[in-house]
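J.: Structure, please.
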Amino acid sequence: MTDAARLRIVGLSGSLRTGSFNAHLLRAAARLAPEGVAIEVETIRGVPLYDGDVEAAEGIPARVAELKDKIAAADGLFLVTPEYNNSIPGVFKNAVDWLTRPSGDIPRVFGGKPVALIGASPGGFGTILSQDAWLPVLRTLGTRPWFGGRLLVSRAHKVFDEAGAILDPAIEQALTGYVAGFGEFVREVKAARA
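T.: Numbers count the residues shown, from 1 in each chain. As a prediction, the model looks like this:
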């Protein structure tokens, strides 16, 4: 398959912790992506707290500019969200807030971009509330969220081993299907734009 035919999807985990369940889930998604779909694992590490004074005095931080360009050039965006206190983690929302600066860049970075949401949590309900909390943000940014599937990994401390491998075959199968389904959605959106 040529590089032009391959779908490029940027994947972001919303946790800074190296051994995070969501980082494990993102790496597993990248590993399980079907032929023709490449998920580029990225991180929000290095994105500072948003401060309008810093933006005015120094401009966009280099790490933020780099992520913006990668997302803008990608065919899709894969958000892997933890759930903190029944909502979006502050560090993840902060990173997305930086990615929307200046606001005139929002259409270039997010406009019409296919987006998928998944997440893992040690709790019993997965990340259902965090995923729901992202929807108004994604709508505001003009993205194209994929609603063809839902993946909420609960009891994540029992799902992954210490190296991040998935121990539960049912979760691995569900993730494989989810990534394939999102890949098809991204391909359809890309074709419609061509």
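J.: ranges for the helices of this protein?
T.: 21-32, 52-58, 62-73, 90-99, 106-110, 128-140, 169-193 (DSSP state H).
J.: now those as CSV including distance to Ser13?
T.: Where C-beta positions appear, they are placed from N, C-alpha and C, glycine not excepted. Listed next are those as CSV, based on distance: least, C-beta to C-beta, whole Å:
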stretch, distance to Ser13
helix 21-32, 4
helix 52-58, 24
helix 62-73, 13
helix 90-99, 8
helix 106-110, 18
helix 128-140, 13
helix 169-193, 14
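J.: for the ones you listed, which one sits closest to Pro82?
T.: helix 21-32 (5.1 Å; C-beta to C-beta).
J.: Which positions within the closest one qualify as buried?
T.: Buried positions in helix 21-32, judged by neighbour count with 16 or more other C-beta atoms under 10 Å: Phe21, Asn22, Ala23, His24, Leu25, Leu26, Arg27, Ala28, Ala29, Ala30, Arg31, Leu32.
J.: How about stretch 55-62?
T.: Ile60, Pro61.
J.: Go ahead and name everything in contact with it.
T.: By C-beta atoms under 8 Å, 6 or more residues apart in numbering, the residues outside stretch 55-62 that reach it are Gly46, Val47, Pro48, Val54, Lys68, Trp98, Arg101, Pro102.
J.: Sweet, I'm off.
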